[in-house]
Structures are given as C-alpha cells and as structure tokens.
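Asker: I would like the atomic coordinates for the input below:
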Amino acid sequence: MLTRMCNRFRQKKDFGLELNDRIVLCLLFKIFRTSLFLLCLILAVGCDRSSQPTAPEPPLDLAPPAIKIQFPNEYPDNLVGRNVVLSVEAGIIRANWVQAIIDDRVVAVGERVQFGYLIDVSDFGTQGQKALTIRAGNEVGTAEESLTIKNNDSILTSEAMQFIQDYWSKTYDGILIRFNKTTIFVKNKNFPEIQNDFNKALEYWEKWSGLQFIITEKDDVRPIIFIEKSPKGPAGGGGFETALILLNDFVLSLNETRRLRVICHEIGHAIGIMGHPIDGSIMDGTVPGNLEKVRFHPYQQKAVKIVYSKPPGSTL
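Answerer: Numbers count the residues shown, from 1 in each chain. Next up, the predicted model:
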C-alpha cells in the first residue's frame, strides 16, 4: 500500500502538492516501512530466544570435593586379609560419588553417614603392601587421598589368634565359649522404642562376624540372646545356648551413635568376647573419645570367624 501511495505522489495533480514535496513524503514513507520491518524482526528474534530453556547458573561456591581420611591410620588397624572388612572413615565434602580403588580397580563405594563417609572394603587384591585410594567427584572435578594397607592373611591370622588367647571367654580347662550354632536368635523384651538400634547393631555384627542374627518374639528357640531391663546397669554374659544382655533405662538417654556402640559392645560379650582391649574398637571400654565410633578391627573379625569355624567344645 505504501508503494502505491508513493506512485500517486509522483503524479503532479495528486493532493495539490509540488513535485519536491511529493518526493520528500515518498522518502518518509519508505523510511517508515523499513523501520517497521526491522522492529518486527527484532520482536520475532526476542520471542524465539525467550522460548528456549536456559541452563541454570552453577552456584558461586561450587568447587571440587575435599577429602580427609580419618581411619585407619596405622598398624595394626590397616592390617587386612581374606574374609574380613576394612571400614574406611573419611571426612568428605561436596561429593556426588565416592569410590575405593586398589590396584587400579574400584573395589567399593562410599555410604553417607553421620560423620562423613564410610567405605567398606573387602576385596584387597593380591597379598602385599599397597595403596588404598579414596576418590570423590562432582560436576567440577575429583579429589583423592590414599592410605597404605598391609594385605597379609598369615599375619592377620596370627594377630587374631593372639586376640582369642587374650580376650575370648574360656572354661577353666580352655574350652572356647561360643554358641552351638552360627544362626542366633535375638529377643528384645523391654526396649521396643530402640528396636531400630538393635537391628542396626545386628547388621554390623553380621558384616563383621559372618554370623546370622534373627529377631524373634519366641522364648523357646535356641541359641538365643535375651535383651532385658536391669535396674543395676548394663552388663553382658555368654553361654552355649543362651546369653543375657542387661541394660537399664540410661541407654535411652544416649545419642544414637553411643547407644549403637553400647549395644554392639554387649553383643560382643554375648557371642563370647570376654575382655576389653584398648584398641579403639567397640570392645574398648576405656577411651571416651571412641564412644562416637563403631569399629571392629579386621583381626578381631578374623578371631570371631576362627572361633566359630571350630565345632562347639573346641580349645584354641
């Protein structure tokens, strides 16, 4: 339409305008038409861009993970062998995934826990001293830290035998006190409000010992551990077919980790461990700082498996 108007302006008699005036008006119309076209084009491009999804901007503090291995640190905590679990404790931040690597192989993945990450490693590769690397990663990058482990089943067995000699319950003539089966029932008689803690403690012991624990409501199944209330305070004991763990209400006032540690400690007595080694494990009752950690060392795990691999009534 603008073109037709310009053509008409070029005719001398239209609108009573002089030729120069008509030329000026025609140029103005053309400028207006071009400006209108450019405006429509800009609006169209803007609408198209606004309809496209935009990637979220990364947080300003996003950085690679940071790792600090907290346990184990030294021998014999880092001594491993066949059929045991080394639970590596690590403080790790900003991690989306955590792996344990031995001999360039991923042998375990990390689990988020209260204090950081717990990495249970049971595949140590070939015998010998080697590095166990904990590696963590996120969108930005990775970080890693290594510790030295000593994979020697012969030395581990020797340490386990010494643990049995020093700390396992025995009769006067040297017979090892243990349950007569490796499947053990557990009845919680008086503490239903912390049943989840008992369940977790039994999961730990199954991981460490190879024994199987079954929660029951029956009294006549054997072998069995009874968990009952005592007004006099915590105590534990062991026997061939039954064991009794006595706890008072004080256990209810403990935080979750300490309560779990107390229960694990008493189950250790129930299956046959008599003494209290000073080694930072759950059976160590002397170091207050260890109340926040639930540990049972590989040589101790090996000791339980050696005892329960023997028939009832055996000596060391």
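
Asker: mind listing what the closest residue to S122 other than its chain neighbours touches?
Answerer: Excluding the flanking residues, the one nearest S122 by Cβ to Cβ, 6 or more residues apart in numbering is V85, at 5.0 Å. For the C-beta atoms, the positions are set from N, CA and C on the backbone; glycine is no exception. By Cβ atoms under 8 Å, 6 or more residues apart in numbering, the residues touching V85 are D120, V121, S122, K207, W208, P298, Q301.

Asker: and V85, how far is that from K302?
Answerer: Computed with Cβ to Cβ, to the nearest Å, the distance linking V85 and K302 is 11 Å.

Asker: again, but for R105
Answerer: Here R105 is placed at a distance of 23 Å from K302 (Cβ to Cβ).

Asker: out of those two, which sits in the more crowded spot?
Answerer: Between R105 and K302, K302 has the larger neighbour count (other Cβ atoms under 10 Å), namely 26 against 10.

Asker: Where do the domain boundaries of this protein fall?
Answerer: 2-50, 66-151, 155-309 (automatic domain parsing).

Asker: looking at those domains, which one has the lowest mean pLDDT?
Answerer: Looking at these, the lowest mean pLDDT belongs to domain 2-50 (a mean of 53).

Asker: need the strands for this structure, in chain order.
Answerer: 66-71, 79-80, 86-93, 97-102, 105-109, 111-113, 116-121, 128-137, 142-151, 183-188, 212-215, 224-229, 235-236, 242-247 (DSSP state E).

Asker: I'd like those strands laid out as a markdown table, including distance to M161.
Answerer: Below are the strands of the chain laid out as a markdown table (distance: least, Cβ to Cβ, whole Å):
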| stretch | distance to M161 |
| --- | --- |
| strand 66-71 | 24 |
| strand 79-80 | 13 |
| strand 86-93 | 19 |
| strand 97-102 | 26 |
| strand 105-109 | 27 |
| strand 111-113 | 31 |
| strand 116-121 | 23 |
| strand 128-137 | 22 |
| strand 142-151 | 17 |
| strand 183-188 | 23 |
| strand 212-215 | 24 |
| strand 224-229 | 26 |
| strand 235-236 | 23 |
| strand 242-247 | 24 |
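
Asker: So which of these has the densest surroundings on average?
Answerer: Of the strands of the chain, the one with the most neighbours on average (mean count of other Cβ atoms under 10 Å) is strand 79-80, at a mean of 25.

Asker: ok, that one: who's next to it in the sheet?
Answerer: strand 142-151 (parallel) (DSSP bridges).

Asker: angle of the strand it pairs with against strand 128-137?
Answerer: Between the axis of strand 142-151 and that of strand 128-137 there is an angle of 160 degrees, by axes from the mean of the first three to the mean of the last three Cα atoms, to 10 degrees.

Asker: Convert the C-alpha atoms of strand 142-151 to PDB, please.
Answerer: Extracted C-alpha coordinates of strand 142-151, given in PDB (Å, rounded to 0.1, in the frame of the first residue of the first chain):
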ATOM      1  CA  THR A 142      37.600 -35.000  41.600                       C
ATOM      2  CA  ALA A 143      39.800 -35.300  44.700                       C
ATOM      3  CA  GLU A 144      41.600 -38.300  46.200                       C
ATOM      4  CA  GLU A 145      43.600 -39.400  49.200                       C
ATOM      5  CA  SER A 146      45.400 -42.700  49.800                       C
ATOM      6  CA  LEU A 147      46.400 -44.800  52.800                       C
ATOM      7  CA  THR A 148      48.700 -47.800  53.000                       C
ATOM      8  CA  ILE A 149      47.200 -51.200  53.800                       C
ATOM      9  CA  LYS A 150      49.000 -54.400  54.500                       C
ATOM     10  CA  ASN A 151      47.300 -57.400  52.900                       C
END
